[in-house]
Structure formats: structure tokens, C-alpha cells
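In: let me see the structure of the following:
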Amino acid sequence: MGKKVTVLDGSERGDAELARIRDCLLGELASAGAEARVLDLCDLDLAYCCGCFGCWVKTPGACVVRDSGAEVAKAVIESEAALYLTRVTFGGYSSRLKRAVDRIICLGSPFFRKVGGEVHHEKRYDRYPNLIGVGLLPEPDEEAEAIFTALVGRNAINIGSVHHAAAVLNARMAPEEMRVSLREALARAGVAP
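Out: Numbering: from 1, shown residues only. Next up, the predicted model:
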């Protein structure tokens, strides 16, 4: 059995461009022998993180809000890789994906450690998934690509990923160019050979 990959799909309903990329991505994951579980965030009841720290002090490791956030966090921590699929918005994630990313903060501990001279949350669990960010831009934008790539890297540190990668695609890319970019990101994140 291949690696378990949880795909957090932050697209909006009817986004045909991102749907094509998702199909291509799922094909690449299947070719790599990975077992993909897709969570369509637009179909989940997912509240915003209210910053109450309940997931750290009242119900350690679990959000106090009872909605689909528990399903998202469980799927992420049980996978070997978490893949964020989104349109790139000002270099960041879609609001839908950002909401899910905020809600998995419960996977960390309220205590701190130093990583590369920086202060980050300690790990709550022994193992965390590698992180892959796949973003779509309407056209090439070096600044937005750099911000997105840095964001994925910073989020990888925060969730304790050993490996991470980002692929920033744009609507002007040929399908084969997109596939190559996706394959390379999957390989960098340890999902594909």
C-alpha cells in the first residue's frame, strides 16, 4: 500500500481550472502509488478558529468547536503527507483553506521549542505528515509564487513536517508542464520516487 495523502481542497464550487488540476494531481498520486483522501472543504461545516486556546488547555489535541474541524485534523495527522490545494490569493491560501489550516493548530502543543534559532510550538505527536502546497495563479507572478512557497515552508515547520514542497501553477501553463511541476513537488515531499 502506498503513502496516505490527505488533500485539503480549498477550491470553491464550480472552479473548473482548479478541478482540472485536482484531477491531474490525483492521477499523479495514483501513479506514485499513493492512497489519496480528498476533503472538499466547501462541503464541510468548518467554523473559523476563535483563538480560545481550548485545543491546548481544555481539550488537549482537539478543538472545542464541534464541527468538521475534528475530521480535518484527524485526517491530516493520520496521513503521511498533507496536500493543500488552493488558488493563490495575495501569495497565500484561499480563505476556505486558511480556515482549515488554522483549525489544525490543535495538532501542536502549547509549549515551545527552538527550530533553526526560531521559537515554534513543540510537537504533540511522534510523527507528522510532510506538507505539499499546490497553488494556482491566473498568470505568472514571481512575487506571489515566492510568498506562497515561503508560506508552505513556514507551515511545514509549524506542523513538524520533515519534508515539504510547493508547486505554483498558472493558467497559462501547458498540461504537461503542470504535471511535471506536480511530480517534482511530490518527489521533494517524499510522496513519489
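In: surely residue 47 meets residue 70?
Out: No: here residue 47 lies out of contact with residue 70, judged by CB atoms under 8 Å, at a distance of 11.4 Å. Just so you know, the C-beta spots here come from the backbone N, C-alpha and C atoms, and that holds for glycine as well.
In: what ranges does this protein have for its strands?
Out: Under the criterion DSSP state E, strands of the chain are mapped to 4-9, 35-40, 81-87, 108-115, 118-123, 130-137, 164-170.
In: and the gap between the residue nearest the centre of the chain and residue 156?
Out: For the chain, the residue nearest the mean C-alpha position is residue 84 (3.0 Å; CA atoms, centre = their mean). Distance check for residue 84 against residue 156: by CB to CB, to the nearest Å, it reads 10 Å.
In: shared neighbours of those two, which are they?
Out: residue 131 (CB atoms under 8 Å, 6 or more residues apart in numbering).
In: a markdown table for the strands of the chain, including mean pLDDT and distance to residue 188?
Out: Shown next, in a markdown table, are the strands of the chain (pLDDT from 0 to 100; distance: least, CB to CB, whole Å):
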| stretch | mean pLDDT | distance to residue 188 |
| --- | --- | --- |
| strand 4-9 | 98 | 14 |
| strand 35-40 | 98 | 18 |
| strand 81-87 | 98 | 11 |
| strand 108-115 | 90 | 19 |
| strand 118-123 | 90 | 21 |
| strand 130-137 | 98 | 8 |
| strand 164-170 | 97 | 4 |
